[in-house]
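Colleague: Provide a 3D model corresponding to the input given below.
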Amino acid sequence: MSGRYTVLTGGVGGAKLVDGLYRLLPANSLTAIVNAGDDFRHFGLPISPDIDTLLYTLSGKSNQKLGWGREGETWSFMEAVRSLGGEDWFNLGDGDLALHVMRGMALDAGETLSAVTARFAAAWGLALNVVPMTNDAVATWVESDEGPLPFQRYFVERQCQPKVKSVSFDGAATARPAPGVIEAIRSADAVLIAPSNPWLSVDPILAVPGIRAALADCAGPVIAVSPLVDGKAVKGPTAKLMSELGLAISNDTIGGHYADFLNGLIVHNDDPASDSVAVARTDTMMRNPTDRERVARAALEFAKKLRK
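Modeller: Below you'll find the model as predicted:
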């Protein structure tokens, strides 16, 4: 399959779709624009969870059982942290730690996040563009029944237990798209929205000025893969969050969330979806590389159909 494709993605679920696309498409024909609203500093180090999950997944280094972190990880650093009475709600493995240290050194030396990310991808032999949504600081905050929580405190420390009232993105209003982001959207033969959480993983990307407008103005169709399977989220708090925000847990809600730029929606098998937007169906569960390629192929074929 030829052409140039762009995908907007968060972490685990999105990385699976990107991996499927990467397996099918020619080298250097895919751009992944990655959520950076989850990024934060921990132990003084800059952590980019969604970017790192994508890099680990595409390079074959990810922990297949957990879906995040590195395979064969060791935990001597965290054991030492605990022995000193340090916080242990967010675990950093020994191999993972190297990535954050190297990133921190580069950022402190004046390199941008997009430049560092591209260098890491090249070091691991990845033939695609992995680009953060912005090089500026944007932080996702959750307003909850326990008060305002930084995203990682809500997601990791509190395990998504607090009831969500609203979500906001501090710094987004003045952020600028990272170099290449707008062009990758506008010139793509198709733009795909990964089955990441629309409110927590995709909305931070859309909150960066210029990105939503570029999606509405891009040359090819924009297609979203629904994160719902049988009316439930495959992983993470998507369904819980939708309920707490007073939204129907449905594919129509997912499609409506992207209504100002969406041309097509891919849903799981016979899950209900209205004809308010073009719909394609496939088994969207991505348990292994074969599944990932199947969903990616369905997305590419749907894009080809919508371009006619």
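Colleague: next SSE downstream of the helix or strand bottoming out on mean pLDDT in the chain?
Modeller: Ranking every helix and strand in the chain by mean pLDDT, DSSP states H and E puts strand 232-233 at the bottom, with a mean of 87. The first helix or strand that comes after strand 232-233 along the chain, using DSSP states H and E, is helix 238-244.
Colleague: packing partners for that next one?
Modeller: If you count contacts as 3 or more C-beta pairs under 8 Å, 6 or more residues apart in numbering; DSSP states H and E, helix 238-244 packs onto strand 164-170, strand 232-233. The way it works is simple: take the backbone N, C-alpha and C, and place the C-beta from them, glycine included.
Colleague: tell me which of those is the most buried.
Modeller: strand 164-170 (a mean of 17; mean count of other C-beta atoms under 10 Å).
Colleague: in its sheet, what does that strand sit against?
Modeller: strand 139-144 (antiparallel) (DSSP bridges).
Colleague: what does the partner strand contact?
Modeller: 37-40, 148-151, 154, 162-171, 200, 204 (C-beta atoms under 8 Å, 6 or more residues apart in numbering).
Colleague: before we move on, back to that, residue 21: which of the helices and strands packed on helix 238-244 is closest?
Modeller: Closest approach to residue 21 among the helices and strands packed on helix 238-244 (C-beta to C-beta): strand 232-233, 21.5 Å.
Colleague: let me see the contact set for residue 47.
Modeller: 39-41, 90, 92, 100, 152.
Colleague: again, only using 7 Å
Modeller: Residue 47 sits next to 39-41, 100 when contact means C-beta atoms under 7 Å, 6 or more residues apart in numbering.
Colleague: helices - which of those land there?
Modeller: Among those, the members falling in helices are residue 100 (criterion: DSSP state H).
Colleague: just give me the closest of the contacts of residue 47 to residue 186.
Modeller: Nearest to residue 186 among the contacts of residue 47, counting by C-beta to C-beta, is residue 39 at 25.2 Å.
Colleague: most neighbours among the contacts of residue 47, which one?
Modeller: In terms of neighbours by other C-beta atoms under 10 Å, these top out with residue 39 at 24 neighbours.
Colleague: how far away is it from residue 269?
Modeller: Look at residue 39 and residue 269: by C-beta to C-beta, to the nearest Å, they are 35 Å apart.
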